[in-house]
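Task: produce atomic coordinates for the following.
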Amino acid sequence: MNDYIVRAMAANNQIRAFAATTRELVETARQTHNTSPVATAALGRLLTGSAMMGVMMKGEKDLLTVMMRGDGPINGVTVTADSMGNVKGYVGSPEIVIPPNYLGKLDVGGAIGYGTMTVMKDLGLKEPYVSQVALTTSEVAEDLTYYFASSEQVPSAVGLGVLMEKNNTVKQAGGFIIQLMPFAEDRVVDILEKKISDIKSVTDMLESGMTPEDILKEVLSEFDVEFTDKIETKFKCNCSKERVTKVLLSLGRKELQDMIDEGKEVELNCQFCNSHYKFSVDEIKELIK
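Residues are numbered from 1 along each chain as shown. Predicted coordinates:
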């Protein structure tokens with residue numbers, strides 16, 4: 001298992017924590033969408049964060065969707081994750097190239113711009129849970145931190161990173177989410193805040209050879225850490241011709257008849273994985289029946 005997420009508890013269950021290594025996952029996304037370096041970083045960070053958020057859900061069929069919509073040239077980032085570690089996503093404009101930020105790093109915040117983050121959780125209830133917050137830095141990690149605090153009332157620290165090779169492939173990717181339980185003592189909060197402010201970046205830790213377990217041991221070094229789970233994570237789309245057929249059926253008889261009258265095959269594209277599905281005129285006639 002190359003890409004995986006670990007789950008842990010610390011400080012007598014006052015802290016729950018997740019960490020992930022996602023290089024292959026993010027590289028698969030880069031190849032699938034042919035993303036530029038800054039688009040890869042934006043998508044990779046949200047894929048990593050959403051993968052960890054996905055495994056927080058309990059039901060096998062639970063689904064999480066996170067959308068970042070801003071006024072930047074990337075035209076939004078959309079990611080969907082399940083509770084089994086599978087995640088998929090895309091950006092509106094995968095080819096965009098913009099100058100580095102003032103630190104000389106990939107300007108993810110500038111690419112996404114000012115706007116909103118929408119989080120939807122389909123937990124098998126009548127209506128999905130939907131929450132929307134304003135983007136803070138648009139650098140992804142800080143925005144997820146703000147979402148947890150404002151929408152779920154869970155004080156959290158999120159760290160995410162994607163490091164690119166000079167040939168624009170993904171060198172490192174991963175992240176962590178640290179969350180305080182409601183009964184956490186002030187002493188625990190103070191120690192954790194100081195530790196998080198002092199640690200190196202996620203990509204620096206991964207570059208030095210640290211595993212997700214090592215990252216949590218480093219971030220939570222002042223506490224006893226108990227690892228409770230290890231979950232494989234990967235870029236995986238569940239689209240199929242059968243699912244796309246349902247989309248065509250939802251268009252209604254008139255739309256389908258218009259397609260038949262044009263006399264051309266219809267091609268539908270999955271935004272998440274760039275798979276193409278073709279339907280001949282005869283197949284569309286069968287749908288009308």
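
what comes up buried for stretch 115-123?
Taking 16 or more other C-beta atoms under 10 Å as the basis for neighbour counts, the residues of stretch 115-123 that come out buried are 115, 117, 118, 119, 121, 122. C-beta: built from backbone N, CA, C; applies to glycine.

mind putting those residues in a markdown table, pLDDT included?
A markdown table is the format used below for those (pLDDT from 0 to 100):
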| residue | pLDDT |
| --- | --- |
| 115 | 98 |
| 117 | 98 |
| 118 | 98 |
| 119 | 98 |
| 121 | 95 |
| 122 | 93 |
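
need the residues you listed in TSV with distance to residue 237, can you?
As requested, those are exported to TSV (distance: C-beta to C-beta, whole Å):
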residue	distance to residue 237
115	25
117	22
118	20
119	20
121	19
122	17
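
Figure out the helix or strand that residue 257 lives in.
Take DSSP states H and E as the rule and residue 257 turns out to sit in helix 253-262.

brain fart, residue 145
Following DSSP H and E, the helix or strand that holds residue 145 is helix 141-151.

List the buried residues in that helix.
Taking 16+ other C-beta under 10 Å as the basis for neighbour counts, the residues of helix 141-151 that come out buried are 141, 142, 143, 144, 145, 146, 147, 148.

can you check stretch 134-142 too?
Along stretch 134-142, the positions that meet the burial threshold by neighbour count (16+ other C-beta under 10 Å) are 135, 136, 138, 139, 140, 141, 142.

Let's have these in TSV, adding distance to residue 232 and pLDDT.
Putting the buried residues of stretch 134-142 into TSV (distance: C-beta to C-beta, whole Å; pLDDT from 0 to 100) gives the following:
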residue	distance to residue 232	pLDDT
135	30	98
136	31	96
138	30	97
139	27	97
140	22	98
141	23	97
142	28	97
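
May I ask which two of the residues you listed are separated the most?
Between any two of the buried residues of stretch 134-142, the greatest separation by C-beta to C-beta is 11.9 Å, found for 135 and 141.

tell me the contacts of residue 288?
With contact set as C-beta atoms under 8 Å, 6 or more residues apart in numbering, residue 288 has these partners: 253, 256, 257, 260.

nearest to residue 164, of those?
The nearest member of the contacts of residue 288 to residue 164, counting by C-beta to C-beta, is residue 256 at 44.3 Å.

so after the helix or strand that contains residue 17, what's the next helix or strand?
Here residue 17 is covered by strand 15-21, with elements defined by DSSP H and E. Under the assignment DSSP H and E, the closest C-terminal helix or strand after strand 15-21 is helix 23-33.
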